[in-house]
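# model this:
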Amino acid sequence: SKLASDEDYYNYGSFERSKAIKLQTYVLLKKHMQAKVLADDLANTLASKEWLSTQTTAYSLMALSKFAGNNSGSSLQYTISIDGAKQNISSNKPLHQTSLDYKQTKTRTITITNTSKQVLYARIQLQGVPMMASQPANAENLSIDVEYFTMEDKPLEIQSLKQGTDFYAIVTIKHPGIKDRYKDMAVQHMFPSGWEILNTRMDHRYSAKLCTTIRFTEELKDNGSR
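Numbering: from 1, shown residues only. So this is what the prediction gives:
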């Protein structure tokens with residue numbers, strides 16, 4: 001659904017109020033993951049010093065109460081298995097933590113089975129600086145996809161390029177529609193050092209293909225340098 005815009009200043013609408021309505025909808029549709037994202041945003045807004053209208057505050061509290069109401073009435077019960085060792089957890093508190101030891105091994109196999117009637121959210125918290133090589137591709141509330149093509153518009157495998165090959169990249173960014181609109185964004189993409197970016201606006205080269213059919217696309221070239 002479309003969120004409120006700046007034109008709603010003179011009525012009861014606001015971004016937060018629209019977000020609260022979306023949260024209620026997700027709760028009714030039992031889309032727990034999408035509801036959790038909006039519930040966190042609304043909780044942070046209510047906890048801040050930001051001024052909120054009566055309508056916004058009321059709708060936010062009502063939406064959060066419906067979200068929390070679906071997760072109340074039973075204790076926290078689940079089974080956690082760490083490298084095959086099972087442990088049954090039962091707690092009346094809304095939060096339970098289990099420590100993980102990585103001193104003996106760098107990998108752990110964890111399986112969590114929810115045995116309660118409420119929704120269970122699992123989170124792994126790590127402290128330290130991870131190695132860049134071990135960082136898996138990840139997208140959260142925004143997705144980006146990069147495709148490479150030859151100058152003849154054919155898909156290109158960049159793992160093996162011949163020196164002097166001209167090609168271009170198409171970067172597609174998608175908003176999943178859960179959070180508000182994003183403003184003043186900057187896209188950063190790293191290319192290998194052996195690739196030469198040919199800026200047709202700076203070196204007086206004209207590419208009819210890139211200028212007429214593809215917007216905001218830079219022509220790339222593998223010059224073989226390292």
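# contacts, neighbours, all on C-alpha from now
OK.
# pLDDT on stretch 13-28, on average?
In this model, stretch 13-28 has a mean pLDDT of 89.
# Off-centre distance for stretch 81-93?
Distance of stretch 81-93 from the chain centroid (Cα atoms, centre = their mean, to the nearest Å) equals 29 Å.
# again with stretch 54-72
Taking mean C-alpha positions (Cα atoms, centre = their mean), stretch 54-72 and its chain are 24 Å apart.
# and the gap between the residue positioned nearest the centre of the chain and Leu46?
Taking Cα atoms, centre = their mean, the centroid of the chain lies closest to Glu140, which sits 0.9 Å from it. Per Cα to Cα, to the nearest Å, Glu140 is found 23 Å from Leu46.
# wait, is Gln87 part of a helix?
No. Using DSSP: H, G, I helix; E, B strand; the rest coil, the assignment for Gln87 is strand, not a helix.
# Quick check: pLDDT value at it.
The model's pLDDT for Gln87 equals 87.
# Which strands and helices lie in contact with the strand or helix carrying Ile173?
For Ile173, the element it lies in under DSSP states H and E is strand 166-174. With contacts defined as 3 or more Cα pairs under 8 Å, 6 or more residues apart in numbering; DSSP states H and E, the secondary structure elements packing on strand 166-174 are strand 143-150, strand 219-222.
# rank the ones you listed by pLDDT, which is bottom?
Ranked by mean pLDDT, the helices and strands packed on strand 166-174 end with strand 219-222 at the bottom, a mean of 52.
# returning to that earlier point: the strand holding Ile173: which residues count as buried?
Asp166, Phe167, Tyr168, Ala169, Ile170 (16 or more other Cα atoms under 10 Å).
# So which of those is the closest to Ser75?
Ile170 (49.6 Å; Cα to Cα).
# Pairing partners for the closest one in the sheet, please.
For Ile170, the beta-bridge partners under DSSP bridges are Glu147.
# Next one: it from Phe15, what distance?
Taking Cα to Cα, one finds Ile170 at 32 Å from Phe15.
# repeat for Glu157
Distance from Glu157 to Phe15, by Cα to Cα: 43 Å.
# So which of those two has more stuff around it?
Phe15 (16 against 11; other Cα atoms under 10 Å).
# how much space between that one and Asn44?
14 Å.
# same thing with Gln24?
17 Å.
# phi, psi of the residue lying closest to Leu42 once chain neighbours are set aside?
Leaving aside its chain neighbours, Leu42 sits nearest to Ser60 (6.6 Å; criterion: Cα to Cα, 6 or more residues apart in numbering). Per-residue torsions, Ser60: phi -60, psi -50 (degrees, to the nearest 10).
# go on, Ile82?
Torsion angles, degrees, to the nearest 10, at Ile82: phi -110, psi 110.
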